[in-house]
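Student: I need the structure of the sequence given here:
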Amino acid sequence: MMAARPKKQQVVILFLVGAVFVQWLGSTAIVPWLPVYVHSLGASYGLAGIIMASFFIGSIAGQFALGRLADRLHPRPLLVGACITYAVASILFVLVRTPMLFVLARGLQGVAAGGFDVVSAATIARITSGAMRGRAFALLMGAQGAGMAAGPMAGSLVIGVGLRALFVVVAALSVTAAGVVAFGLRPAALSASAVEKVRLGMPRVVLGAVAASIGTGLIVGVYETVWTLYFHSRGAVVWQIGLSWTSFSLGFILMSWPAGRMADRYDRRWLAFMGILGEALFAFVYASISGVWLILALSIFEGMAAALTEPALHSFLTTSVAGEAVGRAEGVTLAAGAAAAGVGAILGGYLFGIGPNVPLYAAALLGVLPCLLLPVFWRGLPGRTAPSG
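Tutor: Prediction:
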């Protein structure tokens with residue numbers, strides 16, 4: 001099992017959080033503009049949805065494969081390899097101009113991003129106690145939120161030069177993240193030893209986490225494909241579209257640390273459940289209104305709802321399974337979310353052709369349905385952790 005000595009635990013978390021921020025800064029910089037870009041090259045809205053969905057399909061492979069490896073190997077080579085793979089995939093966008101080939105490039109990005117996320121989460125789980133894990137995951141999710149806040153706005157500036165230049169910048173950021181990981185997660189700081197093989201199975205806690213991940217994934221997938229198109233249909237200009245992603249991320253950042261403290265104190269099952277219901281509610285509200293500035297304001301509160309879910313869900317999951325199965329549990333959960341996001345991305349692209357608000361109504365409904373199973377799967381399980389010490 002991997003272990004970090006207490007004095008070095010904070011250093012490891014600091015470098016890991018820094019790498020996560022840089023990687024998410026680059027990966028989210030292209031998200032708002034990619035559907036518009038491929039559509040400008042002749043791709044239909046349906047094909048744009050498939051291109052976005054290929055990311056999530058690739059994520060499934062990355063999360064399953066690296067989730068298993070995270071239980072056996074030191075995280076540094078896994079994380080560095082994921083960052084370099086993302087950089088290579090980003091350069092492919094510069095070299096090709098055929099929309100169908102973007103499916104391959106975006107799918108490869110998904111493999112890298114999915115693997116990066118699951119190894120990061122497994123590493124946090126391995127080096128923290130259950131009583132502190134909610135806050136540790138909050139730092140990780142906060143770094144993701146900070147990257148999401150800066151990425152789209154940075155992308156909106158770079159696309160003034162050209163979207164192909166943006167892909168080069170994204171590749172450079174991924175290489176930078178690889179360097180941060182390579183320096184900060186050296187074997188002296190975090191060691192790995194042989195672990196006992198534990199059968200993960202599908203205990204109720206994992207089934208519930210999978211259901212929750214499917215709910216959030218469906219919502220995220222729809223947003224990935226249609227948000228920029230939807231907001232533009234409401235009259236938003238380029239900088240307002242970028243600001244909408246930043247506003248969401250600002251709310252996510254502001255709520256991340258309080259959400260982590262709540263996850264370490266209150267019932268994590270209910271926190272995750274209420275966060276997902278909040279995300280679905282905002283999708284419904286967006287579909288029902290049209291004011292650009294009202295949507296921008298509400299996106300801050302949507303980010304807060306999303307931040308409530310993640311620390312509670314992942315700390316509950318990782319404290320409820322055997323330590324030697326944490327990577328696989330995270331891999332299964334994140335892969336389920338990625339698969340759902342892929343479905344949502346494809347569905348969102350086709351539903352947008354019916355009407356701009358139709359995908360958001362669908363996201364609200366589909367996001368809630370899997371979560372109705374949570375009381376069944378998680379009933380009777382301990383939602384709180386005993387205080388350490």
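Student: Please make it C-alpha for all contacts and neighbour counts, starting now.
Tutor: OK.
Student: which residues does Ala177 contact?
Tutor: When contacts are counted by CA atoms under 8 Å, 6 or more residues apart in numbering, Ala177 touches 18-20, 22-23, 80, 83.
Student: how about a cut-off of 7 Å?
Tutor: Neighbouring residues of Ala177 by CA atoms under 7 Å, 6 or more residues apart in numbering: 19, 22-23, 83.
Student: Provide the backbone phi and psi angles at it.
Tutor: Per-residue torsions, Ala177: phi -60, psi -40 (degrees, to the nearest 10).
Student: Nearest residue to it in space, please, no chain neighbours.
Tutor: Counting by CA to CA, 6 or more residues apart in numbering, Ala19 is the residue found nearest to Ala177 once chain neighbours are left out, at 4.7 Å.
Student: out of the contacts of Ala177, which are inside helices?
Tutor: Using DSSP state H, 19, 22-23, 83 are the members of the contacts of Ala177 that sit in helices.
Student: Name the nearest of these relative to Ala146.
Tutor: Distances from Ala146 to those, taken as CA to CA, are shortest for Val22 (9.2 Å).
Student: What is the neighbour count of the closest one?
Tutor: The number of residues packed near Val22 is 25, by other CA atoms under 10 Å.
Student: Repeat that for Val31.
Tutor: Neighbours of Val31 under the rule other CA under 10 Å: 20.
Student: Not counting sequence-adjacent ones, nearest residue to it?
Tutor: Closest residue to Val31 apart from its sequence neighbours, by CA to CA, 6+ apart: Glu224 at 6.9 Å.
Student: now do Ser320
Tutor: Spatially, and ignoring its direct neighbours in sequence, Ser320 is nearest to Val205 (6.9 Å; CA to CA, 6+ apart).
Student: now Trp24
Tutor: Gly147 (4.8 Å).
Student: Tell me which other helices or strands the stretch of helix or strand the one you found belongs to touches.
Tutor: According to DSSP states H and E, Gly147 maps onto helix 130-158. Under the contact criterion of 3 or more CA pairs under 7 Å, 6 or more residues apart in numbering; DSSP states H and E, helix 130-158 touches helix 6-29, helix 99-127, helix 238-265, helix 292-318.
Student: any idea of the angle the shortest one forms with helix 238-265?
Tutor: Regarding helix 6-29 and helix 238-265, their directions subtend 150 degrees when assessed with axes from the mean of the first three to the mean of the last three CA atoms, to 10 degrees.
Student: Relative to Thr176, how far out is the residue nearest to Ala177?
Tutor: In this view, Ala19 and Thr176 are 8 Å apart by CA to CA, to the nearest Å.
Student: cool, and Val220?
Tutor: Separation of Val220 from Thr176 (CA to CA): 27 Å.
Student: okay, those two: which has more neighbours?
Tutor: Remark: of Val220 and Thr176, Val220 carries more neighbours, 22 against 19, as counted by other CA under 10 Å.
Student: Next up, the contacts around that one.
Tutor: By CA under 7 Å, 6+ apart, the contact list for Val220 reads Ala341.
Student: secondary structure element for it?
Tutor: Going by DSSP H and E, Val220 is in helix 204-233.
Student: what's the spacing between that helix and its chain's center?
Tutor: The chain centre lies 10 Å from the centre of helix 204-233; the measure is CA atoms, centre = their mean, to the nearest Å.
Student: and what of stretch 244-252?
Tutor: Its chain's average C-alpha position is 14 Å from that of stretch 244-252, according to CA atoms, centre = their mean.
Student: Over to stretch 84-96?
Tutor: Between the centre of stretch 84-96 and the centre of its host chain there is 20 Å, according to CA atoms, centre = their mean.
Student: who's in contact with that stretch?
Tutor: With CA under 7 Å, 6+ apart, stretch 84-96 has contacts from 102, 105, 108-109, 112, 164, 167-168, 170-172, 174-175, 178.
Student: Could you rerun that using 8 Å?
Tutor: Identification of contacts with stretch 84-96 by CA under 8 Å, 6+ apart yields 102, 105-106, 108-109, 112-113, 164-165, 167-168, 170-175, 178.
Student: Then stretch 329-338?
Tutor: Stretch 329-338 is contacted from outside by 56-57, 59-61, 63-68, 114, 118, 121-122, 200, 206, 209-210, 213-218, 314, 317-318, 321, using CA under 8 Å, 6+ apart.
Student: Can you verify my assumption that Ala65 contacts Gly115?
Tutor: Yes - assessed by CA atoms under 8 Å, Ala65 is found in contact with Gly115 at 7.5 Å.
Student: Quick check on those two: which one has the bigger neighbour count.
Tutor: Comparing Ala65 with Gly115 by other CA under 10 Å, the one with more neighbours is Gly115, at 31 against 19.
Student: Roughly how far does that one sit from Gln23?
Tutor: From Gly115 across to Gln23, the span is 12 Å (CA to CA).
Student: Could you report the neighbour count for the closest residue to Gly278 other than its chain neighbours?
Tutor: Excluding the flanking residues, the one nearest Gly278 by CA to CA, 6+ apart is Ala305, at 5.5 Å. Using other CA under 10 Å, Ala305 has 28 other residues around it.
Student: Look up how far Ile219 lies from Ala305.
Tutor: Ala305 sits 13 Å away from Ile219, going by CA to CA.
Student: What is the neighbour count of Gly162?
Tutor: For Gly162, the count of nearby residues is 12 (other CA under 10 Å).
Student: Any figure for the gap between it and Ala143?
Tutor: Between Gly162 and Ala143 the distance is 27 Å, computed by CA to CA.
Student: what does Gly251 give?
Tutor: Separation of Gly251 from Ala143 (CA to CA): 13 Å.
Student: Val222 now?
Tutor: Using CA to CA, Val222 is found at 23 Å from Ala143.
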